[in-house]
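J.: just a sequence and a predicted model for now, questions to come.
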Number of protein chains: 2
Amino acid sequence: MVRARSTERRAEIVRATLEVIAERGYRGASLSAVAERVGLSQQGLLHYFPTKEALLVAVLAERDQWDTGGSTRSDGVWRIELLASLVEYNAMRPGIVQTFSALLGESVTEGHPARDFFTRRYTQVRSSMAATLRAEYGERLPGGLTPERAAPLLVAVLDGLQYQWLLDPDSVDMPAAFGDFLALLQPPGQEAVKNPQS
Amino acid sequence: MVRARSTERRAEIVRATLEVIAERGYRGASLSAVAERVGLSQQGLLHYFPTKEALLVAVLAERDQWDTGGSTRSDGVWRIELLASLVEYNAMRPGIVQTFSALLGESVTEGHPARDFFTRRYTQVRSSMAATLRAEYGERLPGGLTPERAAPLLVAVLDGLQYQWLLDPDSVDMPAAFGDFLALLQPPGQEAVKNPQS
């Protein structure tokens, strides 16, 4: 019962943090702002999440859960048109994209608390994207690439476009640019992104 | 004369910072470590660069200068094989790549002192990469893309691969992955990266 209440409280804090991020961005999402939102002292909040980084990692992990929920096929593989929709959705929520991008940047520095989260996440995401590419385009992609070799590029484009878009949203149309990348992955002569078998 | 000495001193500080970054990484490159290296007090260093961010921006701007020096054609356009060599070179200097990636991550947050530098840099780099793509592949790229539409993807792949590589260098072969992206840009039937006219 205590465990259940604690899990619920943590989920509530994560939701509140997401709200604060949406309203005030990465820098505005301080532990004190989150504590105030959920009616805890800052000390009380630290009982659940010992650092701001730990809290933000929990938020990003939760977002990954939400984003993948409902967007898979019966075999658990993501569909590429849902990935394109996710990019459109992200273009409407700069706060969380900014938080992801800022924390990813920090995570590559020595001994950063989010490094482990991102390293494991990318291993998982590359593997999941390879399965998506295989389901969509088969074994052989343009340029002689396999799905496994195209997957890190797909992930790099997603992340890299986010930085360009966050810095200069008027110059970079993130969803259109991602669509352009998908066009590069089309086998020559095949126009639509959709896989007729799916 | 005073101006010349000051310019020289700043250049010396930038070079020293690059050395400290190479040895100790982004977090190790503190103002005090740099001050010690050049024989200044921390206060003396702040006279030249008022913040760590200002110093790092100067280092990254200087790196851009070095990297582009000698790697252009007579018309000032980058050659794509030199871009591929630069990715290989970067894979041997994780300290500066880490500094770039960490500062880029920070720069997307509200009011960050490096935001302006990166925003202007990306405008310039996208335009320069479009010229490179045009010189290499002509007006029409695979997927029906123009050089201008492919340029943000090229830049995104460069940045995105750096994060994946910094987090997990054993799993991500950055130069090979960049070569794979160039293969996607090849017109079908054309195998080599080189432009015979260049």
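T.: Nice, I can see it. Predicted, not measured: the structure shown is a model, and the values here were computed from it.
J.: which residue does chain A have closest to chain B?
T.: residue A:105 (1.1 Å; C-beta to the nearest C-beta). (Each C-beta comes from the backbone N, C-alpha and C, glycine too.)
J.: moving C-terminal from the lengthiest helix in chain A, which element do we reach first?
T.: Taking DSSP state H as the criterion, chain A has its longest helix at helix A:2-28. Following helix A:2-28 in sequence order, the next helix or strand is helix A:31-38 (DSSP states H and E).
J.: buried residues in the helix or strand following that following helix, which are they?
T.: Downstream of helix A:31-38, the first helix or strand assigned by DSSP H and E is helix A:42-48. Buried residues in helix A:42-48, counted by 16 or more other C-beta atoms under 10 Å in any protein chain shown: A:45, A:46, A:48.
J.: contact partners of helix A:42-48?
T.: Contacts with helix A:42-48, where a contact means C-beta atoms under 8 Å, 6 or more residues apart in numbering or on different chains, come from A:6, A:9, A:10, A:13, A:31, A:32, A:34, A:35, A:38, A:55.
J.: can you pull the contacts of the third one?
T.: By C-beta under 8 Å, 6+ apart, the residues touching residue A:10 are A:48, A:49, A:58.
J.: mind running it again at 6 Å?
T.: Neighbour list for residue A:10: residue A:48 [criterion: C-beta atoms under 6 Å, 6 or more residues apart in numbering or on different chains].
J.: let me know the pLDDT of it.
T.: Here the pLDDT value assigned to residue A:10 is 95.
J.: distance of it relative to residue A:24?
T.: 21 Å (C-beta to C-beta, to the nearest Å).
J.: could I get the pLDDT score of residue A:2?
T.: Value for residue A:2, per-residue pLDDT: 66.
J.: which parts of the helix or strand that residue A:130 is a member of are buried?
T.: Counting by DSSP H and E, the element that carries residue A:130 is helix A:115-137. By 16+ other C-beta under 10 Å, the buried positions in helix A:115-137 come out as A:115, A:117-119, A:121-122, A:125-126, A:128-137.
J.: over to stretch A:31-41?
T.: Buried-residue list, stretch A:31-41, by 16+ other C-beta under 10 Å: A:31, A:33, A:34, A:35, A:37, A:38, A:40.
J.: identify the residues contacting it?
T.: A:13, A:16, A:17, A:20, A:42, A:45, A:52.
J.: what of stretch A:15-30?
T.: A:33-34, A:37-38, A:55, A:59, A:95-96, A:98-99, A:102, B:109-110.
J.: the same query, at a cut-off of 8 Å, please.
T.: Contacts of stretch A:15-30 (C-beta under 8 Å, 6+ apart): A:33-34, A:37-38, A:52, A:55-56, A:58-59, A:62-63, A:93-96, A:98-99, A:102-103, B:108-111.
J.: same thing with stretch A:142-158?
T.: By C-beta under 8 Å, 6+ apart, stretch A:142-158 touches A:87, A:122, A:125-127, A:129-131, A:133-134, A:137, A:139-141, A:177-178, A:181, A:184-188, B:142, B:153, B:156-157, B:159-161, B:163-164, B:172, B:177, B:180-181, B:183-186, B:188.
J.: surely residue A:58 meets residue A:14?
T.: Yes - under the criterion of C-beta atoms under 8 Å, residue A:58 makes contact with residue A:14 at 5.3 Å.
J.: shared neighbours of these two, anything?
T.: Joint contacts of residue A:58 and residue A:14 (C-beta under 8 Å, 6+ apart) do not exist.
J.: quick one: the residue nearest the centre of chain A from residue B:140, how far?
T.: Closest to where the C-alpha atoms of chain A average out (C-alpha atoms, centre = their mean) is residue A:64, at 5.7 Å. Per C-beta to C-beta, residue A:64 is found 37 Å from residue B:140.
J.: now the residue of chain A closest to chain B: closest residue in space that isn't a chain neighbour?
T.: residue B:105 (1.1 Å; C-beta to C-beta, 6 or more residues apart in numbering or on different chains).
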